[in-house]
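In: got a structure for you, letters missing:
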């Protein structure tokens, strides 16, 4: 009897560990939203997200938004956002993004990619910001530098 209970527990443990493809502790920092609901995000300006260790603070595609994150569990709480209007396709993307965050869990992969998981599925994938890259188009009102 003891051997069968041990064998059963071993099999259950194997399935639990195999199902966990993400590490529980995300790394705080700056990220870009790469995917929402399995679809690659392609916008003129990237959707930037900062994970502070206690919240996800995002900008884009239209509005600014903020969601609390429980640092122990990764549970994402109810977020807030500004409510500006924009092009319909960006409004739809932002709606999908905010709905995906609601009631989800923040995890990370070993390659420092943040992943939002909801109902057992990866719904948002965020990649670390590359500090050597310039994102988006330069501002037409930017003041040129006089580097010598």
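Out: Received it, and whenever you're ready, just let me know what you need. This is a predicted model, so every value here is computed, not measured.
In: alpha carbons only for contacts and neighbour counts from here, please
Out: OK.
In: which residues touch the residue most central in space within the chain?
Out: The centroid of the chain falls nearest to residue 126 when counting by CA atoms, centre = their mean (4.5 Å). Contacts for residue 126 were tallied using CA atoms under 8 Å, 6 or more residues apart in numbering; they are 31-35, 113-115.
In: Please apply the same query to residue 119.
Out: Residue 119 neighbours (CA under 8 Å, 6+ apart): residue 104.
In: Quickly note the distance from it to residue 132.
Out: According to CA to CA, to the nearest Å, residue 119 and residue 132 sit 35 Å apart.
In: any idea where the strands of this structure begin and end?
Out: Ranges of strands in the chain, per DSSP state E, are 29-36, 39-40, 48-51, 55-59, 64-68, 80-81, 105-108, 114-118, 121-128.
In: Could I get those strands in JSON lines, plus columns for mean pLDDT and distance to residue 88?
Out: JSON lines is the format used below for the strands of the chain (pLDDT from 0 to 100; distance: least, CA to CA, whole Å):
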{"stretch": "strand 29-36", "mean pLDDT": "96", "distance to residue 88": "16"}
{"stretch": "strand 39-40", "mean pLDDT": "96", "distance to residue 88": "17"}
{"stretch": "strand 48-51", "mean pLDDT": "96", "distance to residue 88": "20"}
{"stretch": "strand 55-59", "mean pLDDT": "96", "distance to residue 88": "17"}
{"stretch": "strand 64-68", "mean pLDDT": "97", "distance to residue 88": "17"}
{"stretch": "strand 80-81", "mean pLDDT": "96", "distance to residue 88": "17"}
{"stretch": "strand 105-108", "mean pLDDT": "95", "distance to residue 88": "28"}
{"stretch": "strand 114-118", "mean pLDDT": "96", "distance to residue 88": "24"}
{"stretch": "strand 121-128", "mean pLDDT": "96", "distance to residue 88": "20"}
